[in-house]
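Q: here is the input, now give the coordinates:
(one chain, ligands or ions: 1)
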Amino acid sequence: MYHLTGVTKCYRRGSELVRALDGIGLYVEDGGTLVVRGPADSGKSTLLRILGGLERPTHGSVELDGTDLATLTESRLSRIRAESIGLVPRRGDLTPGLTARQNVASALVPLRLRPADRWELAGEALEEVGAGGRLDRIPAELDEAMRRRVALARALVKRPTVLLADQPTAGLDDPGARDGFADLLERLWWQGRFTWIVVTEDDALARRAPRLATMSRGTLTAAPRTHG
Ligand SMILES: Nc1ncnc2c1ncn2[C@@H]1O[C@H](COP(=O)(O)OP(=O)(O)OP(=O)(O)O)[C@@H](O)[C@H]1O
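A: Modelled structure (predicted):
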């Protein structure tokens, strides 16, 4: 469960102070999904980096299951990132020279699992996202939609507490591929196995959200629940 209170993030750009996040308060329950929709530069990526423990807020607290990520030591934070947080980066960011299965298995290295277990879990995660027929392909041999599925498998293979996705459908130009990927995300959201926070500029994806909020100039406005 995430509980954010008064989260503000300021960056210095020359003599200017940019307030990327401005007093965000947020609660997301275990197994819940929140989709944050907002235009470019509204602060979505900054919010995700702070939720993922990749950056610290200038002010405020970022509690994940009762632990404030804002004040943790770097070593405890990297442990939490490795074990509890799955991040789906904007463009997937797969390692070019590794096969799909090697890419996914690499996410398990920090968890000190045996190589045979890493291999098996990677295969299962790829099956789960519909990429089971592409285990031995390198990213260049896959189309963009399939690369996104592999990146998703890499984030969920370690069974994290939370999954954070940065514009997961951006750049998927083929409508069929984009819809198919959105179908997969929606199915996973409704399973409730992970807590999801997804930022997007894709209105069609946002319409599928169990819970939707809008980001505008660093502030978050909750929209009515669309379901349940
Ligand atoms: N490291 C940084 N240094 C300076 N300013 C930053 C930094 N990161 C973000 N910003 C600024 O903070 C604001 C919010 O940026 P952010 O990337 O979080 O928005 P966004 O909604 O994710 O937009 P986009 O989708 O275009 O990335 C912008 O004005 C941006 O220029």
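
Q: name the helices or strands packed onto the helix or strand hosting residue 87?
A: Take DSSP states H and E as the rule and residue 87 turns out to sit in strand 85-88. If contacts are counted by 3 or more CB pairs under 8 Å, 6 or more residues apart in numbering; DSSP states H and E, strand 85-88 sits against helix 144-156, strand 162-166. To be clear about C-beta, it is placed using only N, CA and C from the backbone, and glycine gets the same treatment.

Q: which residues of this protein score low on pLDDT?
A: For the chain, the stretches with pLDDT under 70 are 223-228.

Q: which residues of it lie near the ligand?
A: 11, 13, 18, 20, 38, 40-46 (CB under 6 Å from any ligand atom).

Q: which of those residues are buried?
A: 20, 38, 42-46 (16 or more other CB atoms under 10 Å).

Q: for those residues, which one is nearest residue 120?
A: Closest approach to residue 120 among those (CB to CB): residue 45, at 33.6 Å.

Q: now for that closest one: which residues touch it?
A: By CB atoms under 8 Å, 6 or more residues apart in numbering, residue 45 lies in contact with 90, 166, 199.

Q: shouldn't it be within a helix?
A: Yes - according to DSSP: H, G, I helix; E, B strand; the rest coil, residue 45 belongs to a helix.

Q: mind jotting down where the strands sit in the protein?
A: Along the chain, the stretches classed as strands by DSSP state E are 2-13, 16-28, 33-37, 59-64, 67-68, 85-88, 162-166, 195-200, 212-216, 219-222.

Q: now distance to residue 151 too, for the ones you listed, in JSON lines please.
A: Compiled in JSON lines, the strands of the chain are given as follows (distance: least, CB to CB, whole Å):
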{"stretch": "strand 2-13", "distance to residue 151": "22"}
{"stretch": "strand 16-28", "distance to residue 151": "22"}
{"stretch": "strand 33-37", "distance to residue 151": "18"}
{"stretch": "strand 59-64", "distance to residue 151": "22"}
{"stretch": "strand 67-68", "distance to residue 151": "26"}
{"stretch": "strand 85-88", "distance to residue 151": "6"}
{"stretch": "strand 162-166", "distance to residue 151": "9"}
{"stretch": "strand 195-200", "distance to residue 151": "14"}
{"stretch": "strand 212-216", "distance to residue 151": "23"}
{"stretch": "strand 219-222", "distance to residue 151": "25"}
